[in-house]
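In: Attaching a predicted model along with its sequence, questions to come.
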Amino acid sequence: MLQEGQKAPEFELEGSDGKKHTLKEYAGKLVVLYFYPRDNTPGCTSEAVGFRMLKPEFDKLGAVLVGVSKDSLKAHCKFIADHQLNFTLLSDPDAEVMTAYGAFGEKVMYGKKTTGIIRSTVIIAPDGTVVKHWAKVPKAAEHPDKVLEFVKSLA
């Protein structure tokens, strides 16, 4: 389980902007890395739109906002176009990065245990350590506000 205070796991993933993204490239920056199940689904859309609306405030605070799911880059590009998203989405088709961050594993859906993507968010400090980990996000639509509130508390 990912713990606050530990070094964030390194990653290298393809982004919707056509570039490879690594944790190393974000050294010296505060990173909001949010994991979500699937593009263009109701909860994921409300969460992404919430982050889109708050992105200017994250920018003012010097925080980099990045979303991660198993979806393909093609699906990400459609999701971005459909909802005018203003941040990069990363594709983790094998769920390796999600697993390292505790965002893939056993969960309960509709009362049944299943394995899949766990909606969660990790805030990584400029030195690469985890400063906040929401291991399970219960209300996707309300979550972006909570994340911004926490980032503001760090400023």
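Out: Ah, there it is. Residues are numbered from 1 along each chain as shown.

In: Next up, the contacts around residue 129.
Out: Applying Cβ atoms under 8 Å, 6 or more residues apart in numbering, we find residue 129 in contact with 5, 6, 7, 8. From N, CA and C alone the C-beta is placed, and that goes for glycine too.

In: Distance of it relative to residue 31?
Out: 11 Å (Cβ to Cβ, to the nearest Å).

In: can I assume residue 48 is in contact with residue 85?
Out: Yes - contact status for residue 48 versus residue 85: in contact at 5.7 Å, counting by Cβ atoms under 8 Å.

In: Residues that sit against both of those two, list them.
Out: residue 79.

In: higher neighbour count, those two?
Out: Neighbour totals were compared for residue 48 and residue 85, and residue 48 leads with 25 against 22 (other Cβ atoms under 10 Å).

In: Helix or strand next in line after the helix or strand that one falls within, which one?
Out: Using DSSP states H and E, residue 48 falls within helix 42-60. Beyond helix 42-60 in the direction of the C-terminus, DSSP H and E gives the next helix or strand as strand 63-69.

In: Mind listing residues that contact that following strand?
Out: 13, 15, 21, 26, 29-39, 44, 48, 51, 55, 58, 76, 87-92, 97-98, 103, 117, 151.

In: Pull out the buried positions in stretch 81-89.
Out: The neighbour-count check on stretch 81-89 (16 or more other Cβ atoms under 10 Å) flags 83, 85, 87, 88, 89 as buried.

In: can you check stretch 13-32 too?
Out: Neighbour count says stretch 13-32 has 13, 14, 15, 16, 21, 23, 26, 30, 31, 32 buried, by 16+ other Cβ under 10 Å.

In: Tell me the strands beside the lowest-mean-pLDDT helix or strand in the chain, with direction?
Out: In the chain, the helix or strand scored least confidently by mean pLDDT, DSSP states H and E is strand 104-109, which has a mean of 84. Strand 104-109 sits in its sheet next to strand 112-117 (antiparallel), going by DSSP bridges.
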